[in-house]
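S.K.: Okay, here's the prediction I keep looking at, along with the sequence it came from:
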Amino acid sequence: MLGRTLQEVSAALKQGQITPVELCQKCLSLIKKTKFLNAYITISEEVALKQAEESEKRYKKGHSLGALDGIPVAVKDNFSTSGIETTCASNMLKGYVPPYNATVVQRLLDQGAVLMGKTNLDEFAMGSGSTDGVFGPVKNPWSYSKQYREKRKQKSHGENEDSNWLITGGSSGGSAAAVSAFTCFAALGSDTGGSTRNPAAHCGIVGFKPSYGLVSRHGLIPLVNSMDVPGILTRCVDDAATVLGVLAGHDPKDSTTIQDPGKPFMLSSLTDVSKLCIGIPKEYIVPELSSEVRSFWSKAANLFESEGAKVIEVSLPHTSYSIVCYHVLCTSEVASNMARFDGLEYGHRCDIDVSTEAMYAATRREGFNDVVRGRILAGNFFLLKENYANYFIKAQKVRRLIANDFVNVFNSGVDVLLTPTTLSEAVPYLEFIKEDNRTRSAQDDIFTQAVNMAGLPAVSVPVALSNQGLPVGLQFIGRAFCDQQLLTVAKWFEKQVQFPVIHLQELMDDCSSVFEIEKLASVSLKQ
Amino acid sequence: MAAPMLRGCCLGRCWALACIDSGSRHGRGAATGFTSSGKRGQSFVAQQPLLTAQKSRKGEHKWAAVVGLEIHAQIASNSKLFSGSQVHFAAPPNSLVSFFDASLPGTLPVLNRRCVEAAVMTGLALNCHINKKSLFDRKHYFYADLPAGYQITQQRLPIAVNGSLAYSVCVGKKWRQVITKTVRIKQIQLEQDSGKSLHDELRSQTLIDLNRAEGQLRVDANISVHHPGEPLGVRTEVKNLNSARFLARAIDYEIQRQINELENGCEILNETRSFDYKLGCTVPMRDKEGKQDYRFMPEPNLPPLLLYDTASLPAGADPQQVINIDRIREQLPELPSETREKLIQQYGILPEHSFALLNEVGLLEFFQNVIKETRAEPKKVTSWVLNIFLGFLKQRNLAVNESPVTPSVLAELLNLLDRKVISSAAAKQVFEELWRSKGKTPSQIVSEKKLELMQDEEALERVCHTVMEGHPQVVMDMKRGNPRAINKLIGLVRKVTHNRADPTVIKEILEKQLSS
């Protein structure tokens, strides 16, 4: 049951094959068994069971709320959850319990979703590995998959397997691991430069970043306000559309959300792609791209072409400036957004009380890790009066050029862009930490982050397993606010590639339900 | 960290209005732009030229002062500029604080429509150019009463710019001469207020109140002096002035201080100063680590604020989602200068009285309501309203709307006076009584206290006769031609009649009896 997609399990709940409480308990039990993955920071067991009971009552009365009623979900720990600790994986917010729900959390709860817990991340979502949080790194469930282990045995390096676990990618690695390891059916991530799509690709699931302004940011503890978007992680594209339908729409508490009333996101099954034009940005063919990912990418392009779609090479000429530009804009907003963490109203406060200034300094020294402090320092430098025009203003101009690149491509008749999501499959933790956070972020965001500059919708869809038996994802980028069209194309592609399901039997051999995964994600419900 | 004075004594959702003065001038005059929009009465300060005289005495060239004001005014709205929490004067500390006001992580600002409308209306009233597109910025500094670590303001592209305010000043003997001056308005910007810090030196604690919106008005004055024809001098900023009187005193003091410093060969430092209310002087503020770099950046959570006029309004736009400048212009009330002109034209009252009527909240309306219901002369009404009525209010520290005497009651009293039912002295007595015994009409009081003028002329003649007989010396004086003697007799007669006799009638009778 746990291996099913959200839509499937929703149907099972409706048909009474399982009750919300049973489902919740199964998930809780699996969360405990997979605790070593470090996917969750907080497990909200009591709240979850209570919500499941409420849901069960509704089902019994025949008044269930919709597709999400009784469905276990997880939320990244940078979304405010009323009464549930929200830490951003930082010492600064350890013990902070928000008095309100983020709009997206509230919308999930209003639809009867059951909140299993808060998932792990890089501190304040600054990172691309989910390795730099105060609660430790998240382990990629694929490290323990039959597929990966068998490949490793073939190579028989004889290394200590336990020390060779893989990173999830990030910063929403906890959410990706939680969905990938079947502990919930959907999870919220956040996406500022690729933080939802990157771990989705590494964990073999769907990671969707909606158009900026489509989904409310109220309650999302910000990284970069002008780029942050709540992200959705699910096991299939249809599920992402279902969740989007619940989350999307104007929020009076977020002035950057669009006014248009939200429409339900029901995806039609595309049968004919011959009217589609797929763009392949030539600037995304970079030397660092692994040959395997590159080959999956071209296979995907060929697939579209062979099914009648028009596939053309396009140019996004300012792509190479994107990372540097992002660095300036991101750190500047970070410097500003982090100013509120001063130890006065909430969160960590140091013991020093010689003066308020000394208290600020020590609190922030103790509360933030090196990555956060480094970005604050850089951002404040860029915002100084003498530097503002040379850095911030120029970066804003470059951002406009990057956004215009996309506008030009879409105006030329391209419907959707097809790119890799990451340079390669997930790497072992020990390998990953050889480079610092900044270098890694710059490398790992390369295909994802320009999308955030332009506010466009993008989705990472798992394609196939690499030679090492690890998932590889490809990214589709759509026109602003054409999220539905984008997901429709992604759904067609997903159906064609039939990405294999993760086999976690060895890992959880006493968890019989997981064996049901044989008939899982690749089987889509016909409705 | 302890600042020498309370910061942010006002304005939750407020706009700041920066007037840059029209250039150099002798003496002061900066305070007047403030007073004409001020809320307190009698704050219309007379201009006292104070600098030029002293300068010529020293035999050096004259000094000119340049003054620019940054005025922080609270908008009369029900909720704060960026949050839905309410605004109440004197609410318990931290009782009106939303999650946004406390800067809880993840909260976002939402612009209050009413505040935008108020800013546009102010811009129109001050002859500003209204920017159809304006932007919000973050201004960063660390302070305990600034929980976000930044303040949202409009630094780069404010909502209104380039305005002017013409105002009149009364000068000369008895302030009968009215001259008109103009100040330039550089910009009007919507700005979020910081909280309020209360420093408890005894326990070395700082207490923070995030209610904000506590004060109505706060002014920072930028002041410099220079010799005319030479470049402008180095300026100082005197912060947190919260009354017109202190503003004027602070500016006067600062100008004088700068002149003294310069004439003694010293330099003026570009610094922030505060005004010591008790000592009447400005002192340097303990500045937060010297020069601040506010690291301005665009506020990413608020899209550009777009305003429309009837011509540019998009077809089919939801009226709730757009602000039409032309609509607001239609709603603009009559401006004080027009009102004053009308008063002078319509009722023939003196210019200085027209100022007085407008300087007290509600007084003009009170005056007009009295006029509507009385046959008394407008001049009479003006005199009663400005002298007697306002005097009573001031003595008891009451606002016009707190007065127990309503316009119709005063009108009735003035009618009695006009019809000569009572004397003017008796009218004052009735007025005092009205203040004490709420609910009684003037007529009731007149009949209870028997204050009607004696209509029985024979009886009055008898009283006059008796008084003359009782004071032969005064009568003698009068016969000898002492003009004051008759007044004494009139007074005596009035006393006997308990102010119920008309002095002019008494005078006639006395004169008749003397000559007979």
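M.R.: Noted; the coordinates are in hand. Note that this is a predicted model, so its numbers are computed, not measured.

S.K.: residue contacts, A:Ala186?
M.R.: By Cβ atoms under 8 Å, 6 or more residues apart in numbering or on different chains, A:Ala186 lies in contact with A:6, A:71, A:73-74, A:113, A:179, A:232-234, A:239-240, A:243. C-beta here means a position set from N, CA and C on the backbone, and glycine is covered the same way.

S.K.: again with A:Ser466
M.R.: Shown in contact with A:Ser466 (Cβ under 8 Å, 6+ apart): A:292-293, A:424-425, A:472.

S.K.: any weak-confidence spans in the stretch 51-200 of chain B?
M.R.: In the predicted model of the stretch 51-200 of chain B, residues B:51-60, B:175-176 satisfy pLDDT under 70.

S.K.: How about it: which residue is closest to chain A?
M.R.: The nearest approach of the stretch 51-200 of chain B to chain A comes at B:Gly149, 2.4 Å away (Cβ to the nearest Cβ).

S.K.: if you skip the residues just before and after it, what's nearest to that residue?
M.R.: Among residues not flanking B:Gly149 along the chain, A:Ala339 sits closest, at 2.4 Å (Cβ to Cβ, 6 or more residues apart in numbering or on different chains).

S.K.: B:Val405 too?
M.R.: Of all residues not flanking B:Val405 in the chain, B:Leu434 sits nearest, at 5.2 Å (Cβ to Cβ, 6+ apart).

S.K.: what number of residues lie near the one you found?
M.R.: Neighbour count of B:Leu434, defined by other Cβ atoms under 10 Å in any protein chain shown: 24.

S.K.: helices or strands up against the helix or strand encompassing it?
M.R.: Using DSSP states H and E, B:Leu434 sits within helix B:424-436. Contact analysis of helix B:424-436 by 3 or more Cβ pairs under 8 Å, 6 or more residues apart in numbering or on different chains; DSSP states H and E lists helix B:407-418, helix B:442-448 as its packing neighbours.

S.K.: right, so those: which one is the most enclosed?
M.R.: Greatest average neighbour count among the helices and strands packed on helix B:424-436 goes to helix B:407-418 (a mean of 20), per mean count of other Cβ atoms under 10 Å in any protein chain shown.

S.K.: List the residues that contact whichever residue of the stretch 251-400 of chain A sits closest to chain B.
M.R.: For the stretch 251-400 of chain A, the residue closest to chain B is A:Ala339, as judged by Cβ to the nearest Cβ, at 2.4 Å. For A:Ala339, the contacting residues are B:140, B:142, B:148-150, by Cβ under 8 Å, 6+ apart.

S.K.: Tell me how far the residue of the stretch 51-200 of chain B closest to chain A lies from A:Phe341.
M.R.: From B:Gly149 over to A:Phe341 the distance is 8 Å, taken as Cβ to Cβ, to the nearest Å.

S.K.: and what of A:Ser145?
M.R.: Per Cβ to Cβ, A:Ser145 is found 38 Å from A:Phe341.

S.K.: before we move on, what about B:Gln74?
M.R.: 29 Å.

S.K.: Same drill for these two, tell me which one is more crowded.
M.R.: A:Phe341 (28 against 23).

S.K.: In three-state terms, label the residue sitting furthest away from the middle of chain A for me.
M.R.: Distance to the chain centre peaks in chain A at A:Val354, reaching 42.5 Å (criterion: Cα atoms, centre = their mean). Counting by DSSP: H, G, I helix; E, B strand; the rest coil, the backbone at A:Val354 sits in coil.

S.K.: Next to chain A, which bits of chain B? Give me the list.
M.R.: Counting by Cβ under 8 Å from any Cβ of the partner chain, chain B comes close to chain A at B:1, B:99, B:102-111, B:138, B:140, B:142, B:144, B:147-150, B:206, B:208, B:293, B:295-297, B:300-303, B:318, B:321.

S.K.: Can you say which of the residues you listed are buried?
M.R.: In the residues of chain B next to chain A, burial by neighbour count holds for B:1, B:99, B:102-111, B:138, B:140, B:142, B:144, B:147-150, B:206, B:208, B:295-297, B:300-302, counting by 16 or more other Cβ atoms under 10 Å in any protein chain shown.

S.K.: who touches the residue of the stretch 51-200 of chain B closest to chain A in this structure?
M.R.: B:Gly149 neighbours (Cβ under 8 Å, 6+ apart): A:336, A:338-340, A:342, B:103, B:140-142.

S.K.: Looking at those residues, which are in helices?
M.R.: Secondary structure defined by DSSP state H assigns A:Ser336 of the contacts of B:Gly149 to helices.

S.K.: got the contact list for the lowest-mean-pLDDT helix or strand in chain A?
M.R.: One helix or strand of chain A scores below all others by mean pLDDT, DSSP states H and E: helix A:437-444, with a mean of 84. Helix A:437-444 has contacts (Cβ under 8 Å, 6+ apart) with A:122, A:126-129, A:132, A:169, A:193-194, A:198, A:288, A:323, A:327, A:371, A:374, A:422-423, A:432, A:435.
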